[in-house]
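*Asks:* Structure for the following, please:
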Amino acid sequence: MSDQPTFDLAAAHRWFSADCFNRVWGYLEKADRSDTDNEVMLSLAHVSLAHWRDREDATDQNFSIGYWLLSRVYAVRENAAPALHYGQLCLEYATKESPFFRAYGHEAIARAEKVAGNREAAQAHLEQIRALLDEVTDSSERSLLETDLADLSS
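*Replies:* Model (predicted):
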């Protein structure tokens with residue numbers, strides 16, 4: 001028995017990293033998630049990042065996005081500690097990325113701090129988002145950030 005897969009492993013990592021990421025969005029947008037939905041959503045977010053780790057073409061931007069997704073999933077589940085942990089990793093990987101990705105690192109942390117009830121810490125990261133928003137020139141990226149900023153500011 002061989003330890004080598006009988007399929008294209010690199011192609012499988014490419015497919016699962018994206019497919020699992022996209023499937024998480026279906027759960028995030030679902031208004032009436034069950035406990036089982038929440039567990040599946042969390043598993044998919046972790047699996048997506050795990051497959052990104054096995055991709056030779058993975059970049060810091062990809063990891064920043066993967067950590068952001070994990071932070072968001074934990075935040076919507078109101079689990080502040082891992083949301084903050086993954087938010088901090090998101091920001092760490094976004095340090096050399098465009099203002100859009102750096103802003104989303106702060107968005108992840110602000111959301112986690114809000115879940116934790118740390119209003120001042122959340123506000124400090126909201127200010128960072130506002131400052132970076134001025135540097136985001138792509139209209140669709142700017143719109144996404146403005147929507148999440150409004151959501152977090154309410």
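*Asks:* close enough to count as contact, residue 90 and residue 104?
*Replies:* Yes. Between residue 90 and residue 104 there is a contact at 6.9 Å, judged by C-beta atoms under 8 Å. (Glycine included, C-beta is placed from N, CA and C.)
*Asks:* which residues are common contacts for the two?
*Replies:* With contacts taken as C-beta atoms under 8 Å, 6 or more residues apart in numbering, residue 90 and residue 104 have 64, 68 as neighbours in common.
*Asks:* Now do the same contact list for the nearest residue to residue 95 once chain neighbours are set aside.
*Replies:* Excluding its sequence neighbours, the residue lying closest to residue 95 (C-beta to C-beta, 6 or more residues apart in numbering) is residue 102, at 7.0 Å. Taking C-beta under 8 Å, 6+ apart as the contact definition, residue 102 lies against 91, 94-95, 132.
*Asks:* Would you list the buried entries among these?
*Replies:* For the contacts of residue 102, a neighbour count by 16 or more other C-beta atoms under 10 Å gives the buried set as 91, 94, 132.
*Asks:* tell me which element the residue nearest to residue 95 is part of?
*Replies:* helix 99-116 (DSSP states H and E).
*Asks:* I'd like the average pLDDT over that helix.
*Replies:* Confidence over helix 99-116 (mean pLDDT, whole number) is 98.
*Asks:* The helix or strand just after it: which residues count as buried?
*Replies:* Once the chain leaves helix 99-116, the next helix or strand it forms, by DSSP H and E, is helix 119-133. For helix 119-133, burial by neighbour count (16+ other C-beta under 10 Å) applies to 121-122, 125-126, 128-129, 132-133.
*Asks:* who touches helix 119-133?
*Replies:* Applying C-beta under 8 Å, 6+ apart, the set of residues contacting helix 119-133 is 99-100, 102-103, 106-107, 109-111, 113-114, 142, 145-146, 149, 152-153.
*Asks:* Just the pLDDT at residue 6, thanks.
*Replies:* So, for residue 6, pLDDT stands at 78.
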